[in-house]
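> 3D model of this:
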Amino acid sequence: MANSLLDLPNELLLQVALHLSFSDLWYFRTCSKSTRRLGQELILSKYGIDLLDPQLHPFAYLVYSATAFLERNSQDPSTCQWIANHLAIAIHDRLPKVFGIPSTLDYFMDVYIGIFMDSLFLDLPYCSPCQLREWNQLQPYTPQASLSSAPPHDTPEPTDPLSSLATPSSAFPSPPSPSSSSSSSNLALFTISTVSDTSASLYTATIHVADLLSTLDNVLSILFSSNRQKSFIVAHLHRMVLQLTHQYRRIDEHDRACCGLRICVLLVCRLVDQGLLSIAEVNSFAGLLPGFFITAPSDVHMSWNATPRPSPPPSRSPSLGTLLSQRLRQQQRLTYPPTQPDLTSSDDRLSRDPLSLYINHPHWPLWLQETKLRMMIVLDLARGLIAQYHARKIARLDIQYLTNMLQETVSAFNVFK
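Residues are numbered from 1 along each chain as shown. Next comes the predicted model:
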């Protein structure tokens, strides 16, 4: 008989860890010496982060602690300033006195930017399929959006900004739970509420990470007169898009990659709003987005005798025909048999109903889903860039890649006229 949590089998502990966030497991390991090793093993099993790795830099350990602190205390508007002050002093204390200051500073910037950005995707693999499919429920980005959960910005700062990153347990809100006597309708309402809460939490976490990076940039630019952080942000954004592209090609991670891409785009919009990314850098980021999708807007002209687009090199991803065939086998919700229709009278049918050959095509659901995601991304980026165009009074808005995406997507719908 188990007398404590430590006596439970590893299988049960791993199942419990699936319902906990990174900050929960991080603060669990700080409860006592006995839970410290257990918490580290759960973090390693769930997230692949080895806190006992001798090659893990102590500064990276501090950044992971700041990530958990930000997740726990995101309602406090002064949290970003606390973390920025703490990390700035930690960087200053670890810099060499004479030689190697720029390279060491670049290393620390690369570490904390990578960890903060990756923290947005830590818990995505453990969201329910219902929550991942609702990637379109993420709130569209609004320039200088105010977080409804945040108190007014005139909240007084604590007297000691370098205080411990520990936080009382009362600051952690308990998740809502359905009543034991709830009916099926109440369960459905709870499911919808859970999906909306997840979307709101992802949006809020993205905004907080961008605000923290902006605060850190202000502090470090004052201390070290360095503007190198922007180049590392661009590099990590490109890395994230490439990772999501490969993840999107896996059948069981399709919805997760779509949700991750929307989070990445929202992060870009907020960074533009904070002045950390220029319009040219956003345009370069938009140039990576067409490679994420399997279909192109021009694929709307679907034909039963059409050949697929040329496949990318074998070292990058499978061919388009293989991906479409796998995706069709996965989408069991199609109500029509994927058999080739009789094309002898296709001209007569097309003259009567021009949409029949397109909507009944087995590749139509994938094209429509990707077109919907593509439009959401383009509108989010355009909304943020246009706001900066008016705010900064830029003479010319050079967004060639973004404009091409918008024109190709809109022109594809001309077939339905």
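> quick check: domain ranges of this protein?
Here the domain assignment for the chain is 1-53, 57-144+186-277, 281-306+321-333+349-417, based on automatic domain parsing.
> now render those as a markdown table, adding mean pLDDT and mean neighbour count.
Just so you know, the C-beta spots here come from the backbone N, C-alpha and C atoms, and that holds for glycine as well. Output for the domains of the chain, formatted as a markdown table (pLDDT from 0 to 100; neighbours: other CB atoms under 10 Å):
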| stretch | mean pLDDT | mean neighbour count |
| --- | --- | --- |
| domain 1-53 | 89 | 14 |
| domain 57-144+186-277 | 85 | 18 |
| domain 281-306+321-333+349-417 | 73 | 16 |
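> is it true that Thr35 touches Tyr27?
No - with contacts counted by CB atoms under 8 Å, Thr35 stays clear of Tyr27, the gap being 10.0 Å.
> got phi/psi on Phe293?
Dihedral angles of Phe293 (phi, psi; degrees, to the nearest 10) stand at phi -90, psi 150.
> list the residues that contact the residue lying closest to Gln274 once chain neighbours are set aside.
Nearest residue to Gln274, sequence neighbours excluded (CB to CB, 6 or more residues apart in numbering): Ser214, at 3.9 Å. By CB atoms under 8 Å, 6 or more residues apart in numbering, the contact list for Ser214 reads 271, 274-276.
> in CSV: those residues, plus distance to Gln15.
Output for the contacts of Ser214, formatted as CSV (distance: CB to CB, whole Å):
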residue, distance to Gln15
Leu271, 37
Gln274, 39
Gly275, 44
Leu276, 40
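> considering those, which is situated nearest to Cys80?
Nearest to Cys80 among these is Gln274, at 11.1 Å by CB to CB.
> the closest one and Asn414, how far apart?
Distance, Gln274 to Asn414, using CB to CB, to the nearest Å: 38 Å.
> Ser4 now?
Applying CB to CB, the value for Ser4 to Asn414 is 67 Å.
> try Thr206
Thr206 is 34 Å from Asn414, where distance means CB to CB.
> with Tyr61 instead?
55 Å.
> ramachandran angles for Leu97?
Residue 97: Lys, not Leu. Note on Lys97: backbone dihedrals following degrees, to the nearest 10 are phi -80, psi -30.
> what lies in contact with stretch 237-244?
Here stretch 237-244 has contacts from 117, 121, 257, 260-261, 264, 267-268, 285, 288-289, 292, using CB under 8 Å, 6+ apart.
> let's see 6 Å
Contact partners of stretch 237-244, identified using CB atoms under 6 Å, 6 or more residues apart in numbering, comprise 257, 260-261, 264, 285, 288.
> tabulate those residues (CSV), appending secondary structure.
As requested, the contacts of stretch 237-244 are arranged in CSV below (DSSP: H, G, I helix; E, B strand; the rest coil):
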residue, secondary structure
Ala257, helix
Gly260, helix
Leu261, helix
Cys264, helix
Phe285, helix
Leu288, coil
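> now, which of these sits nearest Asn85?
Cys264 (27.6 Å).
> check contacts around the closest one.
So Cys264 contacts Met240 (CB under 6 Å, 6+ apart).
> same question for Asp50.
Going by CB under 6 Å, 6+ apart, Asp50 touches Leu44.
> how much space between Ala387 and Thr403?
From Ala387 over to Thr403 the distance is 17 Å, taken as CB to CB.
> I misspoke; the intended subject was Leu95.
According to CB to CB, Leu95 stands 43 Å off from Thr403.
> does Leu51 count as helix, strand or coil?
coil.
> so which elements touch the helix or strand harbouring Ile386?
Per DSSP states H and E, Ile386 falls inside helix 364-392. In terms of contacts (3 or more CB pairs under 6 Å, 6 or more residues apart in numbering; DSSP states H and E), helix 364-392 is packed against helix 254-273, helix 400-412.
> what's the closest of the ones you listed to Ile101?
Comparing those by their distance to Ile101 (CB to CB), the top pick is helix 254-273, with 25.8 Å.
> pull the CA atoms of the closest one into CSV?
Output in CSV follows, covering the C-alpha atoms of helix 254-273 (Å, rounded to 0.1, in the frame of the first residue of the first chain):
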residue,chain,number,x,y,z
HIS,A,254,-1.2,17.8,-37.8
ASP,A,255,-3.5,19.8,-35.5
ARG,A,256,-0.6,20.4,-33.1
ALA,A,257,1.5,22.0,-35.9
CYS,A,258,-1.4,24.2,-37.0
CYS,A,259,-1.9,25.5,-33.4
GLY,A,260,1.9,26.0,-33.1
LEU,A,261,2.0,28.0,-36.3
ARG,A,262,-0.7,30.3,-35.1
ILE,A,263,1.1,30.8,-31.8
CYS,A,264,4.3,31.6,-33.7
VAL,A,265,2.5,34.2,-35.9
LEU,A,266,0.9,35.8,-32.8
LEU,A,267,4.4,36.0,-31.3
VAL,A,268,5.7,37.7,-34.4
CYS,A,269,2.9,40.3,-34.4
ARG,A,270,3.5,41.2,-30.7
LEU,A,271,7.3,41.5,-31.3
VAL,A,272,6.6,43.9,-34.2
ASP,A,273,4.3,45.8,-32.0
